[in-house]
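Student: task: produce atomic coordinates for the following.
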Amino acid sequence: MFTDMVGFTQKTQTDERSSLARLAEQEDLVRPVISGHQGRIVKSTGDGLLVEFPSALKATECAVSIQQTLRDRNRASGGTPIELRIGIHLGDVEQRGEDIFGDAVNLAARVQPTADVGGIAVSQQVFDQVGNKLSVRFERLPPLPLKGVQAPMAIFRVVLPWNATGGSPTAGERGADRLAVLPFANISPDPRDAYFSDGLTEEVIAVLSELKDLRVIARTSVDPYKLTPRPVSQVALELGVRWVLEGSVRKDGPRLRFTAQLIDAQTQEHVWSAKYDRELVDIFALQSELARQIADALKIQLLSSEKERLTRRHAPAPESYLEYLQGRSCLRDLSEKSLREAREHYERAIALDERNASAYAGLAEAVGFLGSVYLAFSREETRAKTWSLAARALELDPDLAEAHTMLASNLADVYEFPAALTEAQRAISLNPSSSQAHLYCGAILGDLNRPDEALREFELAEQLDPLSSLVLAEHVNLLAVLGHEEEARTKLERLGEVEKHGMLYHDRAGQLALLRGDLPAYLTALGWFEERYPGRPELPVARAIYHARMGHPEEARALLATVESLPAPLCPSPGIATAYAALGDLDNCFRWIDRSIAEEKLAIRAWLYDPEKKNVRNDPRFAEVLRRIHLA
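Tutor: Residues are numbered from 1 along each chain as shown. Model (predicted):
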């Protein structure tokens with residue numbers, strides 16, 4: 001990879017001092033990003049760098065991160081921007097001391113000038129390796145004659161989600177296949193029918209998400225626009241979409257009036273609109289018709305399987321469907337009260353129509369949260385309930401993506417990772433726009449020791465649900481344990497904005513601080529939890545880890561003794577294992593790892609990647625741990 005600082009030579013002639021300062025600042029920003037992607041800086045080329053990577057994927061990911069870092073810097077500073085051109089080529093090199101030579105180096109140097117200002121250009125060889133592995137798009141440039149190269153080369157431009165000078169995304173660069181469905185306005189006579197417009201918004205998102213050539217933003221990321229409406233152009237800019245669907249719903253007894261408009265954010269034109277007057281019993285047919293008409297408006301060619309799916313969706317009894325929508329509305333708030341209400345609505349929906357597959361899947365999700373987060377059921381009871389409910393949903397509708405996602409989660413919980421991955425990938429094939437399915441798939445790939453693929457799935461999940469704090473938190477977690485500190489910090493800042501510096505933010509901030517050895521910052525994050533959640537058994541363990549890292553073994557062991565005798569549902573056994581690993585007491589560490597496996601609590605990812613757990617991985621007993629969870 002070659003980088004070149006745009007305009008440096010010219011600017012030094014007029015203002016050498018500030019130009020050199022910007023060059024130094026650029027290197028300070030870029031070097032940690034390169035290191036975080038396993039790059040080796042071979043040498044400086046004056047106002048640029050020659051960098052070597054272990055793979056084309058690492059190099060391209062690094063280039064994107066560099067341009068993102070500089071874009072953030074330019075937007076924040078308001079002064080003279082720092083802009084790079086980056087070129088990447090793949091080939092063999094000859095090592096001479098610390099330097100590298102060969103045709104591959106020369107070709108990379110020729111590719112770099114073809115990049116846009118603030119952009120990235122890659123050769124055909126790089127594109128062949130990474131073209132389908134990154135969230136960014138590639139545009140093939142016309143064959144270009146390059147200095148010193150006999151035949152024209154195929155060069156690809158990396159289409160970054162902002163314009164070449166580091167500003168906001170342009171209309172032409174927004175994904176032409178990306179659509180956001182804004183919350184439908186409720187204009188029903190009875191304001192208590194608001195749940196219906198909310199539910200119908202979700203249903204339309206779900207139906208459109210099944211179209212393989214369309215990427216639909218998840219409900220989590222469109223919800224904020226219900227309370228704080230914004231112009232369509234701003235919505236499109238913030239969510240990175242070109243198309244916006246908006247509308248209104250009027251429910252008057254069994255009668256419905258539904259209006260919808262599809263807007264091209266690039267031109268602000270209404271490219272399609274419709275008004276439907278229907279009976280409630282026709283609601284599923286309306287959704288299918290809507291999906292077909294939007295596909296036609298966007299010139300999306302539906303596959304035969306998609307057409308079949310749209311025509312054979314089971315329409316539950318109207319009363320059951322209304323209960324189901326109320327359950328979905330309650331499930332938007334993950335408080336214990338709302339989850340219990342969601343459970344009651346789903347149970348009534350099933351009682352009114354026992355063939356309502358979506359109600360079974362929704363009930364499985366509500367029960368899963370109640371059991372895992374609020375301990376309303378034992379682990380065994382939670383798993384048995386969610387398993388049977390998801391299985392019943394698939395018995396009624398084998399193509400229900402939500403049910404496959406739930407099964408993937410259950411299988412991963414019992415360490416059946418290959419089977420879990422199959423279910424997650426099946427969910428994605430049925431609903432390519434399911435952020436949750438991509439999230440679960442990424443988590444499972446991380447457990448299977450396939451971190452690059454896991455990060456790719458997390459990126460896809462974030463594109464589909466950019467305001468999901470859970471997606472961002474999972475992304476931070478994996479980046480942190482993989483040692484990509486700069487990227488993890490960037491994602492953490494974004495998580496803080498989205499979650500307004502809540503629980504997930506402080507948890508990941510503490511994790512990142514511990515990994516980089518910043519114990520005061522770790523204590524700050526821990527103090528946030530101790531102030532708000534006193535008495536939680538995880539807190540003495542977290543403080544024990546701090547004392548272990550500080551070299552205070554007696555204090556650490558005393559804290560661990562206060563929680564080791566707690567019953568299984570309350571005992572933080574994985575954290576205790578981590579504390580003993582920090583103490584270097586591997587006998588007790590493996591004893592608590594064994595207990596964590598028996599209680600089905602062990603999250604293997606941290607043990608696979610965390611540099612602080614290298615002593616555990618190097619112990620022969622770790623192979624037995626992997627064997628027990630089917631990862632040998």
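Student: got the domain boundaries for this structure?
Tutor: According to automatic domain parsing, the chain is divided into the following domains: 2-159, 175-313, 535-632.
Student: could you export those as a markdown table, including mean neighbour count?
Tutor: The C-beta positions use only the backbone N, C-alpha and C, and glycine is treated the same way. Output for the domains of the chain, formatted as a markdown table (neighbours: other Cβ atoms under 10 Å):
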| stretch | mean neighbour count |
| --- | --- |
| domain 2-159 | 17 |
| domain 175-313 | 18 |
| domain 535-632 | 17 |
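Student: ok, which of those domains comes nearest Glu365?
Tutor: Shortest distance between Glu365 and the domains of the chain, using Cβ to Cβ, is found for domain 175-313: 12.8 Å.
Student: any weak-confidence spans in the stretch 1-150 of the chain?
Tutor: 9-14, 78-79, 141-150 (pLDDT under 70).
Student: now distance to Ser409 too, for the domains of the chain, in TSV please.
Tutor: Output for those, formatted as TSV (distance: least, Cβ to Cβ, whole Å):
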stretch	distance to Ser409
domain 2-159	23
domain 175-313	17
domain 535-632	12
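Student: to Tyr522, which of these lies closest?
Tutor: Per Cβ to Cβ, nearest to Tyr522 of those: domain 535-632, 6.3 Å.
Student: kindly check the end-to-end length of the closest one for me.
Tutor: 38 Å (Cα to Cα, to the nearest Å).
Student: nearest to Glu381, of the domains of the chain?
Tutor: Of the domains of the chain, nearest to Glu381 by Cβ to Cβ is domain 535-632, at 11.1 Å.
Student: show the average pLDDT along the closest one.
Tutor: Domain 535-632 shows a mean pLDDT of 95.
Student: cool, stretch 499-516 as well?
Tutor: The model assigns stretch 499-516 a mean pLDDT of 92.
Student: likewise for stretch 205-218?
Tutor: 87.
Student: returning to what we had before: now for the domains of the chain, which one comes closest to Leu492?
Tutor: Nearest to Leu492 among the domains of the chain is domain 2-159 (13.4 Å), distances taken as Cβ to Cβ.
Student: give the other helices and strands that the host helix or strand of Cys589 contacts.
Tutor: Element membership of Cys589 [criterion: DSSP states H and E] is helix 586-598. For helix 586-598, the packing partners by 3 or more Cβ pairs under 8 Å, 6 or more residues apart in numbering; DSSP states H and E come out as helix 573-583, helix 614-617, helix 621-628.
Student: mind putting these into TSV with distance to Lys133?
Tutor: Listed next are these as TSV, based on distance: least, Cβ to Cβ, whole Å:
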stretch	distance to Lys133
helix 573-583	31
helix 614-617	27
helix 621-628	26
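Student: list the contacts of stretch 16-30.
Tutor: Contacts of stretch 16-30 with the rest of the structure, by Cβ atoms under 8 Å, 6 or more residues apart in numbering, involve 3, 5, 8, 11-12, 44, 47, 49, 66, 69-70, 73, 80, 82, 84.
Student: tell me the gap between that stretch and the middle of its chain.
Tutor: Its chain's average C-alpha position is 33 Å from that of stretch 16-30, according to Cα atoms, centre = their mean, to the nearest Å.
Student: contacting residues around the helix holding Cys589?
Tutor: 415, 573-574, 576-578, 580-581, 602, 607, 615-616, 619, 621, 625, 628-629.
Student: give me the angle between it and helix 621-628.
Tutor: Orientation check (axes from the mean of the first three to the mean of the last three Cα atoms, to 10 degrees): helix 586-598 against helix 621-628 gives 10 degrees.
Student: now helix 586-598 against helix 573-583, angle please.
Tutor: 160 degrees.
Student: export helix 586-598 as CSV, just CAs?
Tutor: What follows is helix 586-598 as a C-alpha-only set of coordinates in CSV (Å, rounded to 0.1, in the frame of the first residue of the first chain):
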residue,chain,number,x,y,z
LEU,A,586,-4.5,-21.3,36.4
ASP,A,587,-5.7,-24.2,38.5
ASN,A,588,-8.5,-22.2,39.9
CYS,A,589,-9.0,-20.5,36.5
PHE,A,590,-9.7,-23.8,34.7
ARG,A,591,-11.8,-25.0,37.6
TRP,A,592,-14.1,-22.0,37.1
ILE,A,593,-14.0,-22.3,33.3
ASP,A,594,-15.2,-25.9,33.7
ARG,A,595,-18.1,-24.6,35.9
SER,A,596,-18.9,-21.9,33.4
ILE,A,597,-19.2,-24.6,30.6
ALA,A,598,-21.4,-26.8,32.8
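Student: moving C-terminal of that helix, what's the next helix or strand?
Tutor: Using DSSP H and E, the helix or strand that follows helix 586-598 towards the C-terminus is helix 604-609.
Student: and the contacts of that next one?
Tutor: 443, 446-447, 449, 451, 477-478, 481-483, 578, 593, 613, 616-617, 622, 625-626, 629, 631.
Student: nearest to Asn356, of the domains of the chain?
Tutor: domain 175-313 (11.3 Å).
Student: and the closest one, how far out from the chain middle?
Tutor: Counting by Cα atoms, centre = their mean, domain 175-313 is centred 23 Å from the centre of its parent chain.
Student: same deal with stretch 608-615?
Tutor: Relative to its parent chain, stretch 608-615 has a centroid offset of 24 Å by Cα atoms, centre = their mean.
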